[in-house]
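Visitor: from the sequence below, what's the structure:
(2 chains)
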2 protein chains.
Amino acid sequence: MTHTRRSFLQYSALFGASALASPLAGLAIPPGDKKLGIALVGLGGYATNQLAPALLQTRNIELRGIVTGTPSKIPVWVEKYKIPEKNIYNYETFDRIADNKDIDVVYIVLPNSMHAEFTIRGAKAGKHVICEKPMAVSVKEGQAMIDACKQAGKQLAIGYRLHYDPFHLEMMRLTREKVFGAVKIVEASDGFRAGDPAQWRLKHALSGGGPLMDVGIYAIQGARYTVGEEPLAVTAQEFPKTMPEKFVDVEESLSWQLYFPSGAIASSFSTYAAGVNRLYAAAEKGWYEVNNAFGYGGQVGRTSKGPMEIKHINQQAAHMDGVAMSIINNTPNIVPGEEGLRDMKVIEAIYASIKAGGKKIQIG
Amino acid sequence: MTHTRRSFLQYSALFGASALASPLAGLAIPPGDKKLGIALVGLGGYATNQLAPALLQTRNIELRGIVTGTPSKIPVWVEKYKIPEKNIYNYETFDRIADNKDIDVVYIVLPNSMHAEFTIRGAKAGKHVICEKPMAVSVKEGQAMIDACKQAGKQLAIGYRLHYDPFHLEMMRLTREKVFGAVKIVEASDGFRAGDPAQWRLKHALSGGGPLMDVGIYAIQGARYTVGEEPLAVTAQEFPKTMPEKFVDVEESLSWQLYFPSGAIASSFSTYAAGVNRLYAAAEKGWYEVNNAFGYGGQVGRTSKGPMEIKHINQQAAHMDGVAMSIINNTPNIVPGEEGLRDMKVIEAIYASIKAGGKKIQIG
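Guide: From the prediction side, this is the model:
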């Protein structure tokens, strides 16, 4: 058995039934032969608690650099992840990363409104870029990011970890193979009870919007790949704020409905008021769903024929390894800037529908 | 131990934890001491497959009469349920039931547009009335039914079996006792893939509307008692028909959002295109839900702390026994005409919002 074949089978076991249909199945070079170097740009909660630990499990990419505006964070990272002094930057010195051969990829994990600037600066520095979702705070910014990476000849990947999660790959497979017939209805919701009132997510200038930008985007994503089509139009509703002192310039709760070419419909809800978290597909001959769908783990999958027998994986490790393999193989990654841009178009149409009192808005 | 006390404990076991808070807990007379007689008015699928079999399990009410427009159905019912000749009526002779001392209650199980007429005729014949949901096809009709029963001094109960179902009683209890804090969001959906294109449900003249009238009403009910408040306003959307030849004059799919006084929101979906069936509450400190929520059985209840350990019951038997006990005790039943009227007001507001392009409509 070749190394490649064995590695594939390891991934197959990891990814369950979905592996055969997964982007990893066509892997040309065995993981582990070459590791890319990544720098995390922004050392907030997601970088600290998810990405850095995941990078201890990745086989094609490893943590080699950090970019932070908070010097006090540096010693902890240096000690924990053995980051050499020369691979540490702040937001002013960031562009010098162009000269650093250790770093192949930068992962932008800053507040949403900073994504465009740092993605473009990263591309100009000659680095591949992974940018956390939402890719930007507008379609215009998103397009500029795609253009900049294209011009630099570098890959742009969005932080859509769920495209590498076996439960979500299974949802995609059930749709693609029409296991329960054609999908008619998707219900997709994502929301949580927001804590700290001082967090950047609640400041429009940093977040570009409320729960829609932060987690509703997963419901949009989920609806799109579970229906397996691109939505044509949307209607949307914003709800009165129950905590107006907390949600000063972002929405608290909203719902929207997506209209797909086949006539399929997605009904979605997103909120900072309480926990909703589910992706459900109703098809002609049955249903399939993932509860706790959009969490970092703990997915529970079921179909009308029984539970999904799938093992959980480290989503962040799978995501970064997958993107790294695409870079190593020089093949397109499966979560490109264009994928992020489609969601930005839906998000702008949702806000436009709310502004127009719930009128149906075509998605640009 | 008295008979009453023992009977209560039997019900308590039946109803799980909810029994203490259930309307049956206050039962003044022991079940089984006197049985009321009921006549089923309309012998369609629900009367045949659910109500008549359930009446073999009821302890306070029994099947004694039938009213049908289809003479060919009579022999089967006579043989199976030992219905005496004198207790058999058609729609013309129905009013003579006034002289029949065997019959205390009539259960109207006719197409929706016939509910008002037969409820009013039943009340005028001096019978208590149980009327299947939706109580009518308009608020105006519903009010006339309430008035007629009041004038006759007879009880009017709507076929809201889920008010007697232990899973739904548990949802009500979790809300009432704020076990997970105040409810913020409810997601409630009910729909199925409609079969026979010739069925009366698809003819507006008989049904008064599509899935909203037929099953969406359960989502409205569920939202109301799971939030534990009465909604003030609604926004609603109808979706393009994917099977216009089948859904000629009723809607195929629609969604709506209910706005409650506390700021709680319910997001709902109803359809004849595919199966959706869930009642979910997101509260401040956790969530609780019933899947297959609105079915005649097979409810699956869960909370953020674990599964609901509740036994399934025969909903129809519990419903008819419960209404019968209210009649025997001369106390108000828990699913009165007024309860049905509230849903009719919501339904009319939903259709009005759709007609107004999704505008927010106050509920009358």
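Visitor: around chain B, pick out the residues from the stretch 101-250 of chain A.
Guide: Taking CB under 8 Å from any CB of the partner chain as the contact definition, the stretch 101-250 of chain A meets chain B at A:183-185, A:187, A:189, A:191, A:193, A:235, A:237, A:239-242. Glycine gets a C-beta too; all of them are placed from N, C-alpha and C.
Visitor: drop anything exposed from those.
Guide: Neighbour-count burial within these applies to A:Val183, A:Lys184, A:Ile185, A:Glu187, A:Ser189, A:Gly191, A:Arg193, A:Thr235, A:Gln237, A:Phe239, A:Lys241, A:Thr242; the criterion is 16 or more other CB atoms under 10 Å in any protein chain shown.
Visitor: tell me the one of those residues nearest A:Lys345?
Guide: If you rank those by distance to A:Lys345 using CB to CB, A:Thr235 comes first, at 15.4 Å.
Visitor: which strand residues bridge the closest one?
Guide: A:Gln257 (DSSP bridges).
Visitor: contacts only, for it.
Guide: Taking CB atoms under 8 Å, 6 or more residues apart in numbering or on different chains, we find A:Thr235 in contact with A:Trp256, A:Gln257, A:Tyr259, A:Ser353, A:Gly358, A:Lys359, A:Lys360, A:Ile361, B:Gln237, B:Gly358.
Visitor: could you redo the last one with a cut-off of 6 Å?
Guide: The contact partners of A:Thr235, taken as CB atoms under 6 Å, 6 or more residues apart in numbering or on different chains, are A:Gln257, A:Ser353, A:Gly358, A:Lys360, B:Gln237, B:Gly358.
Visitor: tell me the helix or strand right after the helix or strand A:Ala324 falls within.
Guide: Using DSSP states H and E, A:Ala324 falls within helix A:315-329. Counting by DSSP H and E, the next helix or strand C-terminal to helix A:315-329 is helix A:337-355.
Visitor: after that next one comes which helix or strand?
Guide: Of the helices and strands lying after helix A:337-355 in sequence (DSSP H and E), the nearest is strand A:361-362.
Visitor: can you pull the contacts of the residue nearest the centre of chain A?
Guide: By CA atoms, centre = their mean, chain A has its centre lying nearest to A:Tyr160, at 2.2 Å. Contacts for A:Tyr160 (CB under 6 Å, 6+ apart) come out as A:Val335.
Visitor: what's the distance between it and chain B?
Guide: To chain B, A:Tyr160 is 24 Å away according to CB to the nearest CB, to the nearest Å.
Visitor: do you know how far that residue is from A:Gln315?
Guide: Using CB to CB, to the nearest Å, A:Tyr160 is found at 10 Å from A:Gln315.
Visitor: and the one helix or strand A:Ala39 maps to, C-alpha only, in CSV?
Guide: Counting by DSSP H and E, the element that carries A:Ala39 is strand A:36-41. Extracted C-alpha coordinates of strand A:36-41, given in CSV (Å, rounded to 0.1, in the frame of the first residue of the first chain):
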residue,chain,number,x,y,z
LEU,A,36,3.3,25.2,5.2
GLY,A,37,3.9,27.9,7.7
ILE,A,38,0.9,30.0,8.9
ALA,A,39,0.7,33.3,10.9
LEU,A,40,-2.4,34.1,12.8
VAL,A,41,-3.4,37.8,12.4
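Visitor: give me the sheet partners of that strand and which way each runs.
Guide: strand A:61-67 (parallel), strand A:105-108 (parallel).
Visitor: list the buried ones in it?
Guide: Neighbour-count burial for strand A:36-41 flags A:Leu36, A:Gly37, A:Ile38, A:Ala39, A:Leu40, A:Val41 (criterion: 16+ other CB under 10 Å).
Visitor: and what of stretch A:244-260?
Guide: Buried-residue list, stretch A:244-260, by 16+ other CB under 10 Å: A:246-247, A:250-260.
Visitor: what does stretch A:245-257 rub up against?
Guide: With contacts defined as CB under 6 Å, 6+ apart, stretch A:245-257 is touched by A:197, A:202, A:204, A:209-210, A:212, A:234-239, A:241, A:267-273, A:350, B:237, B:255, B:257, B:265, B:267.
Visitor: okay, and which of these map to helices?
Guide: Residues of these located in helices (DSSP state H): A:His204, A:Ile350.
Visitor: what subset of the contacts of stretch A:245-257 is buried?
Guide: By 16+ other CB under 10 Å, these give A:202, A:204, A:209-210, A:212, A:234-239, A:241, A:267-273, A:350, B:237, B:255, B:257, B:265, B:267 as buried.
Visitor: those in strands, which ones?
Guide: Judged by DSSP state E, the buried ones among the contacts of stretch A:245-257 include A:234-238, A:267-271, B:237, B:255, B:257, B:265, B:267 as members of strands.
Visitor: what's the mean pLDDT across the helix or strand harbouring A:Lys80?
Guide: Assigning secondary structure by DSSP H and E places A:Lys80 in helix A:74-81. The average pLDDT for helix A:74-81 rounds to 98.
Visitor: that one: what's the following helix or strand?
Guide: strand A:88-89.
Visitor: now do that next one, average pLDDT.
Guide: For strand A:88-89, the mean per-residue pLDDT is 98.
Visitor: direction included, what does it pair up with?
Guide: Strand pairing for strand A:88-89, using DSSP bridges, gives strand A:61-67 (parallel).
Visitor: need the helices for the stretch 101-250 of chain A, in chain order.
Guide: All helices of the stretch 101-250 of chain A, identified by DSSP state H, counting those that start in this stretch, fall at A:115-124, A:139-152, A:166-176, A:204-207, A:211, A:217-227.
Visitor: helices or strands up against the second one?
Guide: Other elements packing on helix A:139-152 under the criterion 3 or more CB pairs under 6 Å, 6 or more residues apart in numbering or on different chains; DSSP states H and E are helix A:115-124, helix A:337-355.
Visitor: could you rerun that using 10 Å?
Guide: Packing contacts for helix A:139-152, counted by 3 or more CB pairs under 10 Å, 6 or more residues apart in numbering or on different chains; DSSP states H and E, involve helix A:115-124, strand A:128-131, strand A:156-158, helix A:337-355.
Visitor: again with the fifth one
Guide: For helix A:211, the packing partners by 3+ CB pairs under 10 Å, 6+ apart come out as strand A:265-271.
Visitor: then the third one?
Guide: For helix A:166-176, the elements it packs on are helix A:3-15, strand A:183-191, helix A:217-227, strand A:276-283, strand A:286-291, strand A:300-303, helix A:315-329, judged by 3+ CB pairs under 10 Å, 6+ apart.
Visitor: ok, of those, where does mean pLDDT dip lowest?
Guide: Within these, confidence is poorest for helix A:3-15, with a mean of 39 (mean pLDDT).
Visitor: tell me the buried residues in stretch A:124-143?
Guide: For stretch A:124-143, burial by neighbour count (16+ other CB under 10 Å) applies to A:125, A:127-139, A:141-143.
Visitor: separation between A:Gly37 and A:Glu132?
Guide: Computed as CB to CB, the A:Gly37 to A:Glu132 distance reads 19 Å.
Visitor: next one: A:Arg161
Guide: Taking CB to CB, one finds A:Arg161 at 10 Å from A:Glu132.
Visitor: need the residues touching each of those two.
Guide: Counting by CB atoms under 10 Å, 6 or more residues apart in numbering or on different chains, the common neighbours of A:Arg161 and A:Glu132 are A:Leu51.
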